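1. only geometry, no sequence info:
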Ligand SMILES: Nc1ncnc2c1ncn2[C@@H]1O[C@H](COP(=O)(O)OP(=O)(O)OP(=O)(O)O)[C@@H](O)[C@H]1O
Ligand SMILES: [Mg+2]
């Protein structure tokens with residue numbers, strides 16, 4: 001049993017809003033899971049219920065096969081929430097030391113500083129004097145303080161500049177290579193595409209897609225091969241192929257919409273067609289996201 005997160009029929013109703021509507025999934029050790037979805041889709045609410053910080057209206061959430069509120073679970077997880085509030089009137093260094101003291105096997109200060117990208121200067125600042133981005137880094141260091149096996153980040157990179165973002169994702173990669181399980185939400189689809197081994201897409205409180213980024217893109221966005229023909233090429237040559245859904249000409253370029261770009265290339269080379277500047281479009285996550293969350297009829 002290596003599933004570290006198990007949620008079953010999780011539901012949350014606030015007064016008149018069904019924020020989360022019977023959501024179930026399990027996450028295995030070592031997975032890097034991106035939870036995506038438009039504003040108000042229920043991502044944060046689901047995360048809070050997973051963490052035992054919000055009571056579900058119905059359903060169950062378990063971490064390491066235990067109640068998320070159990071101390072034994074708390075010691076194994078690290079969390080950075082959407083709203084960062086760190087205790088005021090303390091130096092960053094003191095705050096980190098305090099957090100380390102809560103855990104049986106904390107990470108050393110030196111390591112935390114390196115992983116979170118905090119500077120020596122930041123460490124000696126009082127927390128209320130920090131900028132938004134610096135606060136995020138402190139939040140990250142605090143999430144890692146207990147050397148957790150399972151990490152939750154809710155929109156971790158909001159307010160981070162480009163270099164902070166880079167440090168953050170490099171660290172996440174490093175943690176993932178150590179076998180840690182990571183669950184994060186983001187509105188930057190590229191981050192999900194680059195980092196996640198699995199994407200769970202939410203819309204209106206339900207899961208509308210769950211799979212690895214490549215499969216989700218393949219299933220929901222269009223792939224195409226396009227080229228500039230040196231001589232006239234008969235469209236019919238491609239139209240008749242079973243794996244081609246559309247062929248059209250735009251400006252001087254011919255586009256072949258397909259779910260098998262490799263076979264189109266094979267057709268071009270076997271037929272010795274005189275073409276130049278071949279381009280392959282493998283589909284974009286944005287497209288899949290839009291199909292599932294905006295234009296639901298299309299699914
Ligand atoms: N404490 C609350 N009281 C009442 N309604 C709430 C509460 N928290 C969330 N909601 C509602 O539940 C729904 C889901 O909110 P949630 O914060 O989970 O969305 P989200 O997917 O995290 O969105 P975002 O991308 O904007 O962070 C929204 O309609 C929101 O208004
Ligand atoms: Mg949210």
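-> Structure received. Just so you know, these numbers come straight off a predicted model, no measurement behind them. Numbers count the residues shown, from 1 in each chain. Ligands and ions are numbered 1, 2, ... in the order given.

2. which SSE is the residue of the chain found nearest ligand 2 in?
-> Nearest residue of the chain to ligand 2, counting by CB to the ion: residue 44, 3.1 Å away. Using the backbone N, CA and C atoms, a C-beta is placed for each residue, glycine as well. Following DSSP states H and E, one finds residue 44 within helix 43-50.

3. chain center to that helix, what's the gap?
-> Offset of helix 43-50 from its chain centre (CA atoms, centre = their mean, to the nearest Å): 14 Å.

4. do stretch 117-125 as well
-> The chain centroid and the centroid of stretch 117-125 are separated by 28 Å under CA atoms, centre = their mean.

5. neighbouring contacts of that stretch?
-> 91-93, 96, 112-113, 130, 134, 137-138, 140-141, 163-164, 167-168, 171 (CB atoms under 8 Å, 6 or more residues apart in numbering).

6. Next, count neighbours for the residue of the chain closest to ligand 2.
-> Neighbourhood size, residue 44 [other CB atoms under 10 Å]: 19.

7. quick revisit: how about the following helix or strand past the helix holding residue 44: buried residues?
-> Going down the chain from helix 43-50, the next helix or strand is strand 58-63, by DSSP H and E. By neighbour count on 16 or more other CB atoms under 10 Å, the buried set for strand 58-63 is 59, 61, 62, 63.

8. how about the residues of the stretch 151-299 of the chain near ligand 2?
-> Residues of the stretch 151-299 of the chain lying near ligand 2 by CB under 5 Å from the ion: none.

9. re earlier: whichever of the contacts of stretch 117-125 end up buried, select them in ChimeraX.
-> The ChimeraX selection below is limited to those of those classed as buried (16+ other CB under 10 Å):
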select :92,93,96,112,113,130,134,137,138,140,141,164,167,168,171
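
10. Against residue 242, how distant is residue 226?
-> Distance, residue 226 to residue 242, by CB to CB, to the nearest Å: 20 Å.

11. Helices of the stretch 101-250 of the chain, residue ranges please.
-> 109-116, 120-123, 132-144, 162-177, 189-195, 213-220, 236-239 (DSSP state H, counting those that start in this stretch).

12. which other residues reach the third one?
-> For helix 132-144, the surrounding residues in contact (CB under 8 Å, 6+ apart) are 78-81, 84, 86, 92, 95-96, 99, 107, 112-113, 115-118, 122, 125, 127, 130, 151-153, 156-161, 164, 168, 171, 175.

13. Please report the average pLDDT across it, rounded to a whole number.
-> The average pLDDT for helix 132-144 rounds to 92.
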